[in-house]
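> Sharing a model prediction with you, sequence too.
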Amino acid sequence: MQVCATYLGVCRSSSWNFGMEGYWCQSGSPGSTEYSQFFTPSSQSILSDYGGKGGSMRVVYPKVSIIILNWNGVKDTVECLESLKKITYPNCEVIVVDNGSEGNDVEVLQEKYGDHIHIIENDKNYGFIEGNNLTIGWLLENSEPDYFLLLNNDTVVDKEFLTEMVKVAESDSQVGIAGSKTYFYDDHNRLQLAWIRIDMRKGQAFHVGGKDFDKGQYESITEVDCVQGSCFLIKRRVIERVGLLDKDYFAYWDEEDYCLRARRAGYKVVYVPKARIWHKVLSSSKRISGFFQYYVTRNRFLFMKKHATTMQTFSSLLYFFGFRFWFSTGILVIYQRDVRGFVSFLRGTKDGLKLLLS
């Protein structure tokens, strides 16, 4: 078995015992009845014993199902899969979901990876959210993982990223969601973001650390409002309690929605700085003109409708029409000269207001 550099649940003692609640480590002297619980493994966890100077060690590796959606992006998907081949975490499976690609993406992936990945072919593009939901539902019935990792196909991962995320998630039973430190793919030391801060008064999601050079300023494990959906680790029991992603969003603002729902259910959302990935940013969205502008605008209003108080909704509308609308107009029309993007932004504003007022 491949062994991670950092142990997830380690016991150095003279004995281990199994009870109804899981594995327990005897921490006292021989004959002692003092025990401390480290983990409750599922039937899918890997348990390993190791000897050492300090006694025996038992390591648990919960099973992680990695879900990657592909839509006409086989080149990106292959690069992502190549980086996953190098990771140290030993108990994971990779499911690639083809969302109705028009070319021969499935054939290329089957020929290159064979049984090393599981490929699901959808009959059409269900979008990021419903594509993931359908896969999570299938996995709950057929694989029973301890964790689900939603990973964008336009990412490249560090070999230790999953080990670090699971280690942090396993350290606290209240941690329900964990996210990575995300860099720009083409500027390896510049952050796309560390985590997301949600301002309900403005109806805005701010990228903390966005475009900053990494100088070690975001190196603490931190409980946050939200982590980015490009690398989104969810405990199984969160799915079972909170439910699936909200398909009304289709794309964008879905991670903000899910993190808020999880936090309101009593779970923590945690940023893990040692889990590093590099993201190409909007690789799929760029293939559809105006896609990003429409959904990120429309879904801002949908998010507020679902989660904001009356005062927060009123305040967010003042912010949007007093500043954000004109700022976005200037960026799209004057700076980017993106007429189609501007039209999509206007459509998103119109449809979002309809949703908010319905």
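Structure received. Residues are numbered from 1 along each chain as shown.
> quick one: Asp248 from Gly127, how far?
As defined by CB to CB, to the nearest Å, Asp248 lies at a distance of 11 Å from Gly127. C-beta: built from backbone N, CA, C; applies to glycine.
> ignore the last one, Gly352
Using CB to CB, we find Gly352 at a distance of 17 Å from Gly127.
> what's the answer for Leu357, then?
Taken as CB to CB, the span from Leu357 to Gly127 is 24 Å.
> the more surrounded of these two?
Taking other CB atoms under 10 Å, Leu357 and Gly127 do not tie; Gly127 has more neighbours (19 against 8).
> Now that one: closest residue in space, sequence neighbours ignored.
Setting aside the residues directly before and after it, Gly127 is nearest to Phe250 in space (CB to CB, 6 or more residues apart in numbering), at 4.6 Å.
> Next, count neighbours for that neighbour.
The number of residues packed near Phe250 is 19, by other CB under 10 Å.
> and it, helix, strand or coil?
Here Phe250 is recorded as coil under DSSP: H, G, I helix; E, B strand; the rest coil.
> Can you give me the pLDDT of it?
Here, the pLDDT recorded for Phe250 equals 90.
> who are the neighbours in contact with it?
By CB atoms under 8 Å, 6 or more residues apart in numbering, the contact set of Phe250 is Gly127, Phe128, Ile129, Glu130, Tyr295, Asn299.
> Check Val238 too.
With contacts defined as CB under 8 Å, 6+ apart, Val238 is in contact with Gly176, Ile177, Ala262, Ala265, Tyr267.
> ok, the fourth one to Asp246 distance?
This means Ala265. 14 Å.
> and if you look at the first one?
Separation of Gly176 from Asp246 (CB to CB) stands at 16 Å.
> Those two: who's more crowded?
The neighbour comparison of Gly176 against Asp246 (other CB under 10 Å) goes to Gly176, with 25 against 18.
> Give me the three-state assignment for that one.
The assignment at Gly176 comes out as strand when based on three-state DSSP.
> residues contacting the residue most central in space within the chain?
For the chain, the residue sitting closest to the mean C-alpha position, by CA atoms, centre = their mean, is Phe232 at 0.9 Å. Phe232 makes contact with Leu149, Leu150, Leu151, Ile177, Gly179, Glu255, according to CB under 8 Å, 6+ apart.
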